[in-house]
Each structure stands twice: as structure tokens, then as C-alpha cells.
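J.: output the structure for:
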Amino acid sequence: MNTAQFKIMSDREDTYWWHVGRLLIIDKQIQVIRKSNNNKKLKILNIGCGTGGTIGVLKKHACKLTNVDVSKVAIKFTKRAGHEALLVDGVNLPFTSDEFDLIVAFDVLEHIKSDEQALKEWMRVLKKGGDFLVSVPAFQWLWSGHDVSLDHFRRYTAASLRLKAENAGFRTIRSGYMIMFSFPLVAGFRMISKFKRQSITDESSYVNISKPINHIFISMLRLEANLQRYVRMPIGTSVLARFTKSK
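T.: Purely as a prediction, here's the structure:
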């Protein structure tokens, strides 16, 4: 990702419905994980911290939070936001084996060419019985200029992510989708663009909407965040999965 894209992301992370709604879902999922760990705070590794938008939520659940990213530009934005982060290659982590209670990687794996190698490395540093919470963009047929602008290598299905994680040694706890309400809108827009044979550009697909509509979208994702605690969404624009390292 170039500096301009990081700037756009940094400017929108605190207010744009997709970022805010995703955080609501993440927060609820970590609450579930903590409940299964007697509500204790966790030693968390945040892989691909980006411009720091997830850090505030993760801090609530961490006794120690380690943020890493491969991009110097991302680290600069994270530190500008007042957070600490390490410049680290996600495929070669400088941590001991069995070190973290929880590893999170939100919209990161699609940026890594050797995703299976990354998954094996992430499992190495996870404690036995620990959790791995991950999100990635869904469905290769939804590929667009947004993926190009963000330097994605691929998109996933719940099944393909589960297979890669299990091949790396993880055990699946849940695997499904998130951000379901917007799926018809996104799918329709992408299909129309392909039908019109519009060329794929390198621009991210943030859509400017009014504040009331933005709040409505956030409310819909707040509802989904609560539902995600109990049911798996059958469809969505992102894959959401939780894995564990067998004891």
C-alpha cells in the first residue's frame, strides 16, 4: 500500500461505518474468547496493525499487547496515533514459540504472498490452547480496484480459509462470514461493473455517504456483532474465523 492509501484509511478508521462496524464485531468475538478463558486479560499479538485502528479495542482485552506491521509507513501512522508498534515481517516473527494467548490478524493474510507459510509461523508463536482470530475479504469474484489499491493477493471463502488454517495445524472453532447486510449492495455493484466491462483501477472503494446513513450502517453492524456471538452468518463481504492450537 502506498502512503496515500494509508492516509485515507487513517482518516476514516474512527468514523466510517465499515471500520467502526468491524470493530464492534471484533470486540464481541474477543469477549467470547475471554469468557472461555475465565475472563482473564490476554497476551495478544496484533499482526498487521496498519494505522492502528484496532489497537484501542484490543487494549481493553490485553494484559500485554504487541502490535506489528511490515510497513514503515503504517508504523509511522500508528505511532502518530499514540501507539507502540514494531516493524516485523509477519512470515518471520521474532518471538519464541508458544508465547501468546491470542493472535489476531484483521484483513492481513490477503496481503501476504506465502499465506500458508504465514499461518504456520503464527501457529508457532501461539500457546497451546490459545486462540487465533482472523478476518479476510470474501469471494474472489468480488475482486475489484479496492483489492488492487490495497495490494491484495487474493480473496477467500470460509472453506478455503479453514482448509489453509487446518493444513497449518490449527483446529477450527468457527468459520463463517461477516458484514452481511452490505453483501447484496457490494455484489450488485461489482457485477454491474463487470457487465459494463469497467476496467479495474487502483483506487480504494470508500463511498462517501451522509452521516445519518453512516450511523444506520453502524447500527446494522452493531446488531450483527451481537448475533455473531451465537450464529454464523451464511454470507458476507468478509470471512471471520476463530481457530485454536490443540493442547
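
J.: just for the protein, where's the confidence low?
T.: Under the criterion pLDDT under 70, the flagged ranges of the chain are 1-2, 189-190, 192-205.

J.: the strands in it, which residues?
T.: 42-47, 62-69, 86-87, 100-106, 126-137, 171-178, 238-244 (DSSP state E).

J.: what residues sit buried inside stretch 236-247?
T.: Neighbour-count burial for stretch 236-247, with 16 or more other CB atoms under 10 Å as criterion, is recorded at 236-245. C-beta coordinates here come from the backbone N, C-alpha and C atoms, glycine included.

J.: columns distance to Val186 on top of the strands of the chain, output as CSV?
T.: Output for the strands of the chain, formatted as CSV (distance: least, CB to CB, whole Å):
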stretch, distance to Val186
strand 42-47, 25
strand 62-69, 26
strand 86-87, 33
strand 100-106, 18
strand 126-137, 10
strand 171-178, 12
strand 238-244, 10
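
J.: Pro212: which of those is closest?
T.: Judged by CB to CB, the one of the strands of the chain that comes nearest to Pro212 is strand 171-178, at 23.3 Å.

J.: nearest residue to the spatially most central residue of the chain other than its sequence neighbours?
T.: Nearest residue to the geometric centre of the chain (CA atoms, centre = their mean): Phe106, 1.7 Å. In space, Phe106 comes closest to Ser135 once its chain neighbours are excluded; the distance is 4.9 Å by CB to CB, 6 or more residues apart in numbering.

J.: and for the one you found, the neighbour number?
T.: Residues within reach of Ser135, counting by other CB atoms under 10 Å, total 26.

J.: how far away is it from Tyr16?
T.: Distance of Ser135 to Tyr16, computed by CB to CB, to the nearest Å: 16 Å.

J.: contacts only, for the residue nearest to Phe106.
T.: 22, 26, 105-107, 178, 238-241 (CB atoms under 8 Å, 6 or more residues apart in numbering).

J.: and what of Thr244?
T.: 129-132, 170-171, 173.

J.: and the helices in this structure, which stretches?
T.: For the chain, the helices defined by DSSP state H cover 3-12, 17-35, 55-61, 72-80, 115-125, 145-149, 158-167, 183-195, 211-228.

J.: quick one, which of the ones you listed is nearest to Leu93?
T.: Nearest of those (CB to CB): helix 115-125, 5.5 Å.

J.: show me what the closest one is packed up against.
T.: strand 100-106, helix 158-167 (3 or more CB pairs under 8 Å, 6 or more residues apart in numbering; DSSP states H and E).

J.: so what's the residue count around Ile216?
T.: 14.

J.: and if you look at Phe181?
T.: Neighbours of Phe181 (other CB under 10 Å): 16.

J.: how about it: what's its closest non-neighbour residue?
T.: Nearest non-adjacent residue to Phe181 (CB to CB, 6+ apart): Met220, at 4.8 Å.

J.: could you double-check that the one you found lies in contact with Met180?
T.: No - in this structure Met220 lies outside contact range of Met180 using CB atoms under 8 Å: 9.0 Å.

J.: more neighbours: which of the two?
T.: Ranked by neighbour count (other CB under 10 Å), Met220 and Met180 place Met180 first, with 19 against 16.
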